[in-house]
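Enquirer: using only what follows, build the 3D model:
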Amino acid sequence: QEELFHTFNTLHLEGKQIILSGSLPPSELKFIEPRLVSRFEWGIVIPLQPPAKEQMREILLQKAQKVRFSLDEQMTGFLLDTFGASTKTLIRALDALVLRTHLNQGLGPSATQPFTIKSMQHILKDLIQDEEKALLTPGKIIRTVSEYYGIRIDDILSKSQARECVLPRQIAMHLCRHQLNLPYMKIGDLFSRDHSTVMASIKQIQKALDAKNQEILGPFCGITKLLER
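Expert: Next up, the predicted model:
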C-alpha cells in the first residue's frame, strides 16, 4: 500500500490519467489505508455492470471466429449457460475447448459425429467442476461458518442468544450481505430475523472489522479464505 500511495502521487503530479477497477466502490474497501481510499475517490466513480447475455454471446462468437473455431447454437448455448458468469471464465472455457480439441482430434466433432452436450461436458469436466466449486451461495456461507466454529447449522439458524451462536450468525449475515449483495429482507428470511435485527447485526460486525477487533477479524478472514477455495 505504501508503494501504491507513492506511485499514485507521482502519476497524479505528472498529470497522468489513472484508471482503477475493482469489485467494490472505494468507500466500501476494507483493510485499505484511508489516505489511499481518499485518493481513489478524487475521480469519478462509475459502476460497471456485467455484459448482458446477448453481449456475452457476441464476445464468445467473435473470439471463436478469431481463432477459426466453429460454434453452433447448441455449443454456444452450453458455454453461455455453464460459464457465462463472467467473460473471463467464458473465454477460458472456449480456449480450453479449442486447445484440447486440436491436441486430441478424437475428442472433437467430425462430419458424422458433431459435438454434443455430453462430449463437451467430458472435454471441459475440470472447468465445470471449478465453476461449481466457485459458486457462492447463502447455504455455502452458512455451512462454512458452522464448520469453522464447530457448531451445527441449526444452531446458527436458531433463536438461541448464546454467544457461541450469535457471533457466527452475525458473521454469516455480514457475508451474505457483502459477498452476495443480498437484500436485508432476504437475509432476514434466511435467518428468521426481522429487517432491523439483520441491519444491526451486520453493522455490529462491520464496526468490529473497522476497529480491527481480532476476536472478529481473525475468524472473519479465516472464513473468507475458506470460501475462496
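Enquirer: alpha carbons only: can I get stretch 76-83 in PDB?
Expert: What follows is stretch 76-83, C-alpha atoms only, in PDB (Å, rounded to 0.1, in the frame of the first residue of the first chain):
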ATOM      1  CA  THR A  76     -22.800 -21.600 -27.800                       C
ATOM      2  CA  GLY A  77     -25.800 -22.200 -25.500                       C
ATOM      3  CA  PHE A  78     -23.900 -24.700 -23.400                       C
ATOM      4  CA  LEU A  79     -20.900 -22.400 -22.900                       C
ATOM      5  CA  LEU A  80     -23.100 -19.500 -22.000                       C
ATOM      6  CA  ASP A  81     -25.200 -21.400 -19.600                       C
ATOM      7  CA  THR A  82     -22.200 -23.100 -17.900                       C
ATOM      8  CA  PHE A  83     -19.500 -20.400 -18.000                       C
END
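Enquirer: and it, which residues are buried?
Expert: Residues 76, 78-80, 82-83 are the ones in stretch 76-83 that count as buried (16 or more other CB atoms under 10 Å). The way it works is simple: take the backbone N, C-alpha and C, and place the C-beta from them, glycine included.
Enquirer: can you check stretch 37-50 too?
Expert: Neighbour counts over stretch 37-50 (16+ other CB under 10 Å) mark 39-40 as buried.
Enquirer: endpoint to endpoint, that stretch covers what distance?
Expert: Start and end residues of stretch 37-50 are separated by 24 Å (CA to CA, to the nearest Å).
Enquirer: got any ranges where the protein has weak pLDDT?
Expert: Across the chain, residues meeting the criterion (pLDDT under 70) sit at 105-114.
Enquirer: so it: which segments form each domain?
Expert: Listed by automatic domain parsing, the domain ranges of the chain are 2-40, 53-134, 138-228.
Enquirer: which helices and strands does the helix or strand His122 falls within pack with?
Expert: Using DSSP states H and E, His122 maps to helix 117-123. When contacts are defined as 3 or more CB pairs under 8 Å, 6 or more residues apart in numbering; DSSP states H and E, helix 117-123 packs onto helix 73-83, helix 87-103.
Enquirer: and the gap between Phe78 and Leu60?
Expert: Distance check for Phe78 against Leu60: by CB to CB, to the nearest Å, it reads 11 Å.
Enquirer: which residues does Glu164 contact?
Expert: Neighbour list for Glu164: 149, 151, 155 [criterion: CB atoms under 8 Å, 6 or more residues apart in numbering].
Enquirer: which one of those residues sits closest to Lys16?
Expert: The nearest member of the contacts of Glu164 to Lys16, counting by CB to CB, is Tyr149 at 47.3 Å.
Enquirer: just the element for the closest residue to that closest one other than its chain neighbours, please.
Expert: Leaving out its chain neighbours, the residue that sits closest to Tyr149 by CB to CB, 6 or more residues apart in numbering is Pro168, at 4.6 Å. Per DSSP H and E: Pro168 is located in helix 163-180.
Enquirer: please state the offset of that helix from the chain centre?
Expert: Centroid displacement of helix 163-180 relative to its chain, using CA atoms, centre = their mean, to the nearest Å, is 17 Å.
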